[in-house]
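K.L.:
With the sequence up front, the predicted model follows.
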Amino acid sequence: MPKILLIEDDEQLARFLMRFLNSEGYSTDWANGQTEGLRLFQAHSYDCVLLDISLKDGSGYSVCAAVKAENDTPVIFITASADEACTVAGFEIGADDYIGKPFGTRELLARMKNVMRRHQKTSPLLHCCGVTIDPIKGIVLKDGAEIIMSALEYRLLLVFFSNKNQMLSRDRIAEEMWSLTKEFISDNTLSVYIRRLREKIEDDPKNPRIIVTVRGIGYKAVDG
């Protein structure tokens, strides 16, 4: 699952963007300033950094320079400072793209996918029994044909495929889903979505061979 670092001191906007990105299958960390943003960046690995220029305790330019000095993680400036001088300054220190406020979430998503695609040498595809997840494109394929899934179904499948051949308790699955969505998944809801997943990816949902039940423990995604 692509992991995004959002550095933005407008809390209302940041929480809105986090909800949107999480609903699209991304894992998002938020920092409200330069210090916290750099701390998170140094502690974790990210696929893209979304960065405001004006931060309460520093400058987005400084953060961008530090990110690019560390590695080539894509950086997109999201800012109200959309004049030409700011744009040129951002690109000169290594920014990969620039989007001015206000902006549409779909435009932001398209720009993110574009810069991540440029930086991604090989797509980290996840495979299991003829089913493939492409985390960069955010799609699921079965025997080459796309399967349409809800955001929660997609994230649940990511949990299973990221832990192939490992027995997962219902509590463990719920915890993984919480880390991705920040939403509580009830036991009944989990049962419903596992059934829906099986209906979409299994040849015979009543006799699953991909997501199997481990009696008394939970479930397991079986590869082969």
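P.N.:
Nice, I can see it.

K.L.:
So the residue sitting nearest the centre point of the chain versus L108, what's the distance?
P.N.:
By CA atoms, centre = their mean, the mean C-alpha position of the chain lies nearest to Y26, the distance being 1.6 Å. Counting by CB to CB, to the nearest Å, the gap from Y26 to L108 is 11 Å. C-beta coordinates here come from the backbone N, C-alpha and C atoms, glycine included.

K.L.:
do M1 as well
P.N.:
According to CB to CB, M1 stands 18 Å off from L108.

K.L.:
thought L109 was touching E24?
P.N.:
Yes. With contacts counted by CB atoms under 8 Å, L109 reaches E24, the gap being 6.3 Å.

K.L.:
Same question for the lowest-mean-pLDDT helix or strand in the chain: list its buried residues.
P.N.:
Least confident element among the helices and strands of the chain, by mean pLDDT, DSSP states H and E: helix 84-92 (a mean of 77). Using 16 or more other CB atoms under 10 Å as the test for burial, helix 84-92 gives C86, T87, A89, G90.

K.L.:
what's the answer for stretch 186-194, then?
P.N.:
Using 16+ other CB under 10 Å as the test for burial, stretch 186-194 gives L190, Y193, I194.

K.L.:
from those, which is closest to Y154?
P.N.:
Y193 (10.4 Å; CB to CB).

K.L.:
I'd like to know how far that closest one sits from S186.
P.N.:
The gap separating Y193 from S186 is 11 Å, by CB to CB.

K.L.:
could you pull out the strands for this protein?
P.N.:
Secondary structure of the chain, counting by DSSP state E: strands at 3-7, 27-31, 48-51, 54-55, 58-59, 75-79, 97-100, 126-128, 131-134, 139-142, 145-147, 168-169, 211-214, 218-221.

K.L.:
so which of these gets nearest R118?
P.N.:
The nearest among those, by CB to CB, is strand 97-100 at 9.7 Å.

K.L.:
partners of that closest one, with directions?
P.N.:
Sheet pairing of strand 97-100 (DSSP bridges) gives strand 75-79 (parallel).

K.L.:
that older thread, what is the nearest of the buried residues of stretch 186-194 to E175?
P.N.:
Checking the buried residues of stretch 186-194 against E175 with CB to CB, the nearest one is L190 at 11.3 Å.

K.L.:
The closest one and V131: what is the separation?
P.N.:
Where V131 is concerned, L190 sits at a distance of 20 Å (CB to CB).

K.L.:
Then D96?
P.N.:
To V131, D96 is 31 Å away according to CB to CB.

K.L.:
Where does pLDDT dip in the chain?
P.N.:
81-84, 120-123, 179-182, 224 (pLDDT under 70).
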